[in-house]
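turn this into a model:
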Amino acid sequence: MASVKIRTTHTGSLPRSNDVLTLLRARDDRALGNVTEFEQKVRAAVAATVRQQANIGLDIVNDGEVDRKRTRLNSS
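Numbering: from 1, shown residues only. Have a look, this model is predicted:
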């Protein structure tokens, strides 16, 4: 009997650091001071997220939605 490997992945958002969350809020509020710093930190966070997934053995990795826009809920 042939061995069949089931490929593993995940869907959805992964946790983000407080630094990244602060930058995303500033971007969403159009209060971002340094766009280059934002891009570098988000790229580094995505790379770390992909590396973490590969290190735990996922076959199909993704960006973990690190730079996804936040959703605002209205209380009205």
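
so where's the longest helix in the chain?
Secondary structure of the chain read by DSSP state H shows that its longest helix is helix 35-55.

mind listing residues that contact it?
Counting by C-beta atoms under 8 Å, 6 or more residues apart in numbering, the neighbours of helix 35-55 from elsewhere in the structure are 10, 14, 16-17, 19-20, 23, 26-27, 32, 61-64, 66-67. (Glycine included, C-beta is placed from N, CA and C.)

could you give the separation of that helix from the chain centroid?
Relative to the centre of its chain, helix 35-55 is centred 8 Å away, using C-alpha atoms, centre = their mean, to the nearest Å.

also stretch 50-62?
Counting by C-alpha atoms, centre = their mean, stretch 50-62 is centred 13 Å from the centre of its parent chain.

so for that stretch, mean pLDDT?
Mean pLDDT, taken over the full extent of stretch 50-62, equals 94.

alpha carbons of it, as CSV, please.
The C-alpha coordinates for stretch 50-62 follow below in CSV (Å, rounded to 0.1, in the frame of the first residue of the first chain):
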residue,chain,number,x,y,z
VAL,A,50,6.0,32.3,7.4
ARG,A,51,9.2,31.1,9.1
GLN,A,52,7.2,30.0,12.2
GLN,A,53,4.7,28.0,10.1
ALA,A,54,7.5,26.3,8.2
ASN,A,55,9.3,25.5,11.5
ILE,A,56,6.3,23.7,12.9
GLY,A,57,6.0,21.6,9.7
LEU,A,58,3.1,23.2,7.8
ASP,A,59,3.4,22.3,4.1
ILE,A,60,1.5,25.3,2.8
VAL,A,61,2.3,28.5,4.5
ASN,A,62,0.8,32.0,4.2
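
can you flag which of the contacts of helix 35-55 belong to strands?
Residues from the contacts of helix 35-55 lying in strands, with DSSP state E as the criterion: none.
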